[in-house]
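Chemist: pasting a predicted model and its sequence here:
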Amino acid sequence: MARRAKVAQRETLTPAVQHEFGLDRPSVTPAIRRNSSAPSLSRLDDGLPKIVIGICAMDKKARSKQMNHIVERLLRYGEFDVVVFSDSTILTKPVDEWPLCDCLLCWHSDGFPLKKAQQYAALRKPYLVNDVMAQDTLLDRRRVYRTLMDSGIPVPQHIIVDRENLPQGQTDPEGFMETEDYVELKGVRICKPFVEKPASGEDHNVYIYYPHSMGGGVKRLFRKVDNRSGDYDPSDPGNVRRKGSFIYEEFLTTGGTDVKVYTVGPRYAHAEARKSPVVDGKVVRTADGKEQRFPVLLTPQEKEIARMVVLAFGQRVCGFDLLRSERGRSYVCDVNGWSFVKNSHKYYDDAAGILRMVILSAVQPHRLLAAPPQPLPQHACGDVVLETVDGSQHGMHYNMSMDDMRSQVAGEEDKPEGELRCVLAVIRHGDRTPKQKMKMKVTQEPLLALLHKYLDSKGKQAKLKSPNELQDLLDATRLLLDELEAKQRAAADAVNAGAVPSPEPDSDELREKFRIMKTVLEQGGQFAGINRKVQLKPLRWSAPEERSGEQPRCVEALLILKHGGVLTHSGRQQAETLGNLFRNVMYPPSAGGGLLRLHSTYRHDLKIYSSDEGRVQTSAAAFTKGLLDLEGSALTPILVSLVKKDAGMLDAFGKGASADIQLAKQELYAQMTWDPATNTSMYTEPQLTTPMVSPPLSPKLDPKAMQGASNIPGRPHIYPMPDNPLGLLRQLHELLKLLVDQLRQKCLEEPRNDDRPRGYSALTQDPRECAHEEGKPCSGEKLLLVFDRWRKLAKAFYNEKKNQFDISKVPDIYDAAKYDAIHNQNLGLDLRPVYSTARALAAAVIPNEYGIHPAGKLRIGSMICSQLLGKLLADLASMREESMQTAGLQHADNSLQYDAMADLRNLAVNSSSRPSGGSEAGGGEAEGTARSTSQEEVVGTEPDDGDDDAVLHRLCPTYAQDINSPFRHVRTRIYFTSESHMHSLLNVLRFCQLGHEGEAPLLGEEGQQVLHECRELDYMTHIVLRMFENITLPLDDPKRFRVEVLFSPGAAYDPTEVIPPKKDHVLPVAPRVPLHPDGANGVPLARMESMVKSFAKPFKRQGDPYAPGLRSTVLSTQQSEAAAAGVVAGEGELYQQLT
């Protein structure tokens, strides 16, 4: 038997390995006679018998490169013989003819006869490293999830739709329901986006269903084919599959990464991160064609999860998928069984050592009392050989040169001032279509029926937003419009026949509104994205007769149609281009790939936030696509996976801001419509949307005239203010009348056509897919809607009966004029005078709505953006804290030397001081750390929502290969918002010194002048804060951390003068300019905090975000396997207990 084992072993290994261990020579060791019922053992020179290890798996797996590496290391101990069961043996021979062995390594893969292997295990009863009898469970995802839940291991919220053994003709189990937005089983609801997994563990066709509010469609994941592992289909209606049984689970956002955990026994876990296939479906590969992965550190809770998975499934060598939710909790979403790490010699060493202990403790435990007969040789690949306290040696892979380390610490931008630590950006959304609203009172029964059908639980209104709801409205609108047009034709025929027409003064207006509503609902060809919404609000109810038992019915309702305000093709292109620019400009290029290298290796902590508005979310997704160089035309997967909505921080106004804005508008409107001839103002009072809770302001009056400002005696100066604003308002009114007449004539001349125009959706289409038809409005907009937009603006802007101007319409007029000047110049409209006049007025209106003097601007700004400001300061403070904690990675004298040797020695000393039960193996992390946590801690316990932004996962330096600086870490936070937050944040930065008597401005003189002269914060306006750390300065030096303040006014160009070079309607984004003091290379972080802190709201209700202990970022370190070398016997005893 020993000779057969040797022969099988020689057949398994490569010729070089056979020669190295003498396996190519005839064995001179005499065989020991054994009973035929027991496996034969050969003896070493010391007389101890060898243990025969049988490998029962398909040849592709059993003879793989990874398995050969581990077998080689096991054989070096001189304690084992290895027998590989070939495919012909496994598939054709009966189990009683299979080779005998003491220990069996057996696992399932495609084509493997698991039942035969189970029969063999029952017949011969070898020691099973992986429980063969339990591997049936791994082939059924339903059983996997039940096992996980029974063992207390966290899994995503899910339902199991089992269609096996259903009655004839029944397609769904009892209690299962599918709607547009969710699936539900017996009261458990899983809302879109959700993941659909086949019950069979061998079926890798996993689907992800997205909600229509985010573009809809389905992402289909599959086994990797070349460089693809998933495709997104935006046209899929989103109906779930009905053939077979499926698991439906909530989609968890994980920052675009997945984590694969590899265990070797319950006390060892190695984790690697890869790019998630759900983002763009592209597989990133290394130079040798392997999928690119990077080792990462596991948290104590994740280590405990790994231990529980091993014990629950009885698979000591096991791989499973871990989802690290951005909520701060980790979930197991799949268990794969036998899996090995690829291309890690350190892992092969660890796995062989642990397998040796596992097998010996089960088969020959007395061997553990002696040291291994032959230590593992070190690899000649530049490893650092570390001598531990007990004299043993261990090779740790720090595959970087000392020059790499020094250059990394010196700063990768070739700047001696410091190393980049943090990039924060606040960005306005991209170019959008004009926002529009139409109101009409309705009494038609089809519309009232919709109101009753979709009325909310409070009976106040019906909101129609989903595709089915809007389709119902479109059907009703078409029906009513056909009836109205039929009446019109009948009336015309009657007039032609000589009948006297009956007067119906409102019929023409009603018919025109229904035609507009039909056009809006048909625009784009599908109801995808967040771009149309209809509200029906009851106005009058009919009282039912007494004792009739009937419910009251609405007889009149107010219909409000909101549309427009969606990102255009040029807005998406602007956002993608800016993201690409950030990737290439904002991050050091010499780190082996800049941002993408940082991000893929877990040294980049990226989070992207957006307000709740659709155009802002789409802008954020497009920017992310450019930033991370993602593929595909659809943004829906990116939006769902990587963009986090935070309406409270980026949408809502602060308390009291509306009242102060009301007062500012009142003064502004009064001065803009001031008529010196009559000493009166001609304006409509600004609407107050919230109660006035703050006291009126008392602005200081400056008697001196100010150039470019209003200089009305006795009233505060308002800057900027055009000369004779009332004259400009009257001029704009006349220009609008001419433009409306021009559009009316074009509509009458346009041939009647019911064909739907080709629409464009920035969420699902590439900008190049937008069609530009000569003589037609851009993006499929109909000429009737262009006319309706301008007609409503002209009517609302000036009230002829009251002789009053509504100044609040100036920004809307300017938006519409700029949009048409960019996108609809081919219509032949006379837009230049409208645009220039509206721009002059908007330059005075828009910035002064947020305060008309510095103190008011500061007050309003601090109320609007206080939460965002607190978050920005917390981001900076968190990175400062982390830098303090990692400062020990350099010399005590603060020289630019990175002493890896000293760091490794510290790790070894710390490791040797721990109890033996807590040893770890490099990136493979042991159980001891998990057990050191509080006994009250629950595995995977989700932290308080207030701390979710502090969740941080790191690269594992012990296993990192070709990483210049595994300890380096950069935080990036991108906040997408609207114009109001941009004005507010800039006003706080400009005038924060007013809250600190005697303090100089935070920004430099040139920066102040830039903002003073800036007339517009256009689309893609952005403010960037970049924090650098000068590690040559002491930790307590306030100049150690500096913050660059950069600003761009976005695409603030005149579209009547600047023509995009490609004629694609995409105006360029202005380059960034520094706002910080001249020659200072930034503002000291301590000064920025002291100046701005009082205007910021503490982040996430955690008290002062700048106090010590805001967030204690504990950097997990790796313990050497060498620390366990002196306690082998203790390890073996513990393994006996566990196994």
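Modeler: Yes, it's here.
Chemist: what about the closest residue to D820 other than its chain neighbours, neighbour count?
Modeler: If the residues on either side of it in the chain are set aside, D820 comes closest to L831, at 5.6 Å by CB to CB, 6 or more residues apart in numbering. Glycine gets a C-beta too; all of them are placed from N, C-alpha and C. Counted with other CB atoms under 10 Å, residues neighbouring L831 total 24.
Chemist: for V534, same thing?
Modeler: 24.
Chemist: try A134
Modeler: Based on other CB under 10 Å, the number of other residues close to A134 is 17.
Chemist: where exactly do the helices run in the stretch 251-400 of the chain?
Modeler: 277-280, 300-313, 345-363 (DSSP state H, counting those that start in this stretch).
Chemist: may I see those arranged in CSV, with mean neighbour count, mean pLDDT and distance to R1015 as well?
Modeler: Conversion of the helices of the stretch 251-400 of the chain to CSV gives the following (neighbours: other CB atoms under 10 Å; pLDDT from 0 to 100; distance: least, CB to CB, whole Å):
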stretch, mean neighbour count, mean pLDDT, distance to R1015
helix 277-280, 24, 83, 39
helix 300-313, 23, 93, 53
helix 345-363, 23, 91, 60
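Chemist: possible to save these as a markdown table with distance to V1043?
Modeler: Shown next, in a markdown table, are the helices of the stretch 251-400 of the chain (distance: least, CB to CB, whole Å):
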| stretch | distance to V1043 |
| --- | --- |
| helix 277-280 | 31 |
| helix 300-313 | 34 |
| helix 345-363 | 39 |
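Chemist: so for M1088, which of those sits nearest?
Modeler: Of all those, helix 277-280 sits nearest to M1088, with 34.2 Å by CB to CB.
Chemist: what does the closest one contact?
Modeler: For helix 277-280, contacts defined as CB atoms under 8 Å, 6 or more residues apart in numbering pick out 208, 219, 221, 229-230, 251, 256, 258, 283, 625, 628, 630-632, 637-638, 640-642.
Chemist: how distant is that helix from the center of its chain?
Modeler: Its chain's C-alpha centre and that of helix 277-280 lie 11 Å apart, by CA atoms, centre = their mean, to the nearest Å.
Chemist: restrict it to CA atoms and write it as CSV.
Modeler: Taking C-alpha atoms only, helix 277-280 is exported to CSV below (Å, rounded to 0.1, in the frame of the first residue of the first chain):
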residue,chain,number,x,y,z
PRO,A,277,-19.8,42.5,-10.2
VAL,A,278,-22.9,44.4,-9.4
VAL,A,279,-21.3,47.8,-10.3
ASP,A,280,-20.4,47.4,-14.0
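Chemist: closest to Q1008 out of the helices of the stretch 251-400 of the chain?
Modeler: helix 277-280 (41.4 Å).
Chemist: L732 is nearest to which of the helices of the stretch 251-400 of the chain?
Modeler: helix 277-280 (46.2 Å).
Chemist: let me see the ranges of the strands in the stretch 651-800 of the chain.
Modeler: Using DSSP state E, counting those that start in this stretch, the strands found in the stretch 651-800 of the chain span residues 674-675, 680-681, 798-799.
Chemist: and if you look at the stretch 251-400 of the chain?
Modeler: Ranges of strands in the stretch 251-400 of the chain, per DSSP E, counting those that start in this stretch, are 257-264, 269-275, 294-296, 317-324, 330-337, 384-387, 393-396.
Chemist: can you add distance to K776 and mean pLDDT and give the ones you listed back as a markdown table?
Modeler: Formatted as a markdown table, these follow (distance: least, CB to CB, whole Å; pLDDT from 0 to 100):
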| stretch | distance to K776 | mean pLDDT |
| --- | --- | --- |
| strand 257-264 | 44 | 91 |
| strand 269-275 | 41 | 87 |
| strand 294-296 | 50 | 80 |
| strand 317-324 | 47 | 94 |
| strand 330-337 | 48 | 93 |
| strand 384-387 | 68 | 28 |
| strand 393-396 | 67 | 28 |
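Chemist: check contacts around I51.
Modeler: So I51 contacts 41, 79-81, 102-103, 359-360, 363-364 (CB under 8 Å, 6+ apart).
Chemist: now the strands of the stretch 251-400 of the chain in a markdown table, with distance to S836?
Modeler: Below are those laid out as a markdown table (distance: least, CB to CB, whole Å):
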| stretch | distance to S836 |
| --- | --- |
| strand 257-264 | 50 |
| strand 269-275 | 48 |
| strand 294-296 | 54 |
| strand 317-324 | 53 |
| strand 330-337 | 57 |
| strand 384-387 | 69 |
| strand 393-396 | 68 |
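Chemist: these into CSV, with extra columns for distance to D741 and mean neighbour count?
Modeler: Below are the strands of the stretch 251-400 of the chain laid out as CSV (distance: least, CB to CB, whole Å; neighbours: other CB atoms under 10 Å):
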stretch, distance to D741, mean neighbour count
strand 257-264, 58, 23
strand 269-275, 56, 25
strand 294-296, 65, 25
strand 317-324, 60, 22
strand 330-337, 62, 22
strand 384-387, 82, 13
strand 393-396, 80, 20
